[in-house]
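Visitor: missing the sequence, but the structure's below:
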């Protein structure tokens with residue numbers, strides 16, 4: 001792959017369907033073809049020369065479709081979501097993000113009202129896992145009807161996953177910031193655990209899948225921290241200011257694993 005255009009070796013091999021092309025070369029070529037008309041024209045020529053059977057099949061299909069398309073009734077234009085918006089979120093994320101914001105508001109109201117949780121702040125207790133729910137919804141096979149199509153495009157790896165994670169944090173962090181300000185909780189107490197849990201979800205997601213990682217971490221948090229904290233009526237050590245260095249270390253490790261295994265997110269199965 002040259003600086004400006006793809007090499008003819010890769011284009012010819014891609015046109016023939018060669019299996020000896022490296023996966024990263026195929027990925028880079030498909031991503032490059034999205035924005036380069038010159039290489040798309042070169043690929044079209046290569047298909048005609050290197051794979052005449054495929055070219056003949058395309059011509060046959062097109063000759064049958066062209067008369068029908070010419071007589072087809074043009075549908076009136078519909079309002080569609082901007083293409084850039086689909087890069088940041090999916091339609092199924094909207095109710096999930098609304099649910100996360102609602103849970104944060106409910107926790108804030110319970111903290112302000114003082115409903116018998118002792119010195120425990122529900123906002124602080126829920127802060128680490130709230131973004132994880134949104135991250136799981138942003139890349140879930142069961143929740144996104146266009147999952148297969150989205151996950152199979154060349155840019156569907158870590159780049160897209162980080163964008164959708166950022167869209168979750170854009171909603172969750174301001175809500176938690178408001179809740180922390182009202183309850184008098186310092187920003188570091190909820191922000192570091194929030195980011196640490198998110199990075200750990202992405203790190204484990206490259207191995208077992210983002211949804212599975214999110215479910216496992218939320219269940220672990222509920223069993224190990226939430227239940228004992230509510231039963232004891234006092235804030236656990238991990239949520240106190242003395243535990244912040246531990247959260248900082250977890251955040252750094254999570255980010256490091258994501259960077260080191262960034263190629264794993266281009267595999268479809270990694271996002272299940």
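Guide: That came in fine, so what should we check first? Every value quoted in this text rests on a predicted model; they were computed, and no experiment measured them.
Visitor: what ranges do the strands span in the stretch 151-272 of the chain?
Guide: Assigned strands in the stretch 151-272 of the chain: none (criterion: DSSP state E, counting those that start in this stretch).
Visitor: and the host helix or strand of residue 70, what other elements does it pack with?
Guide: Per DSSP states H and E: residue 70 is located in helix 52-71. In terms of contacts (3 or more Cβ pairs under 8 Å, 6 or more residues apart in numbering; DSSP states H and E), helix 52-71 is packed against helix 37-50. Using the backbone N, CA and C atoms, a C-beta is placed for each residue, glycine as well.
Visitor: now do the helix it packs on: which elements does it pack against?
Guide: helix 8-16, helix 23-33, helix 52-71.
Visitor: a markdown table for those, including mean pLDDT?
Guide: A markdown table is the format used below for the helices and strands packed on helix 37-50 (pLDDT from 0 to 100):
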| stretch | mean pLDDT |
| --- | --- |
| helix 8-16 | 87 |
| helix 23-33 | 84 |
| helix 52-71 | 80 |
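Visitor: can you tell which of those is closest to residue 202?
Guide: The closest of the helices and strands packed on helix 37-50 to residue 202 is helix 23-33. By Cβ to Cβ, the value is 19.7 Å.
Visitor: which other helices and strands contact the closest one?
Guide: Packed against helix 23-33 by the contact rule (3+ Cβ pairs under 8 Å, 6+ apart) you find helix 8-16, helix 37-50.
Visitor: any idea which of these is most buried?
Guide: Highest mean neighbour count among those (mean count of other Cβ atoms under 10 Å): helix 8-16, with a mean of 18.
Visitor: quick one: contacts of the helix holding residue 70?
Guide: Identification of contacts with helix 52-71 by Cβ atoms under 8 Å, 6 or more residues apart in numbering yields 15, 47, 48.
Visitor: wait, which of those is closest to residue 246?
Guide: Of the contacts of helix 52-71, the one sitting nearest to residue 246 (Cβ to Cβ) turns out to be residue 15, at 53.5 Å.
Visitor: next one: the closest one from residue 62, what distance?
Guide: Separation of residue 15 from residue 62 (Cβ to Cβ, to the nearest Å): 18 Å.
Visitor: what's the answer for residue 184, then?
Guide: Going from residue 184 to residue 62 by Cβ to Cβ gives 67 Å.
Visitor: got it, and residue 193?
Guide: Relative to residue 62, and taking Cβ to Cβ, residue 193 is found at 56 Å.
Visitor: more neighbours: these two, which one.
Guide: residue 193 (25 against 10; other Cβ atoms under 10 Å).
Visitor: does that one really touch residue 128, like I thought?
Guide: Yes: under the criterion of Cβ atoms under 8 Å, residue 193 makes contact with residue 128 at 4.0 Å.
Visitor: now for residue 177, how many residues are close by?
Guide: By the criterion of other Cβ under 10 Å, residue 177 has 14 neighbours.
Visitor: and residue 53, how many residues sit next to it?
Guide: Neighbour count of residue 53, defined by other Cβ under 10 Å: 8.
Visitor: distance check, it against residue 20.
Guide: For residue 53, the distance to residue 20 - Cβ to Cβ - is 20 Å.
Visitor: in the stretch 101-250 of the chain, what spans have low per-residue confidence?
Guide: For the stretch 101-250 of the chain, the stretches with pLDDT under 70 are 103-104, 106-120, 138-157, 183, 185-187.
Visitor: I'd like the helices and strands packed on helix 37-50 as TSV, with distance to residue 253 appended.
Guide: Formatted as TSV, the helices and strands packed on helix 37-50 follow (distance: least, Cβ to Cβ, whole Å):
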stretch	distance to residue 253
helix 8-16	37
helix 23-33	26
helix 52-71	47
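Visitor: thank you kindly, that will do.
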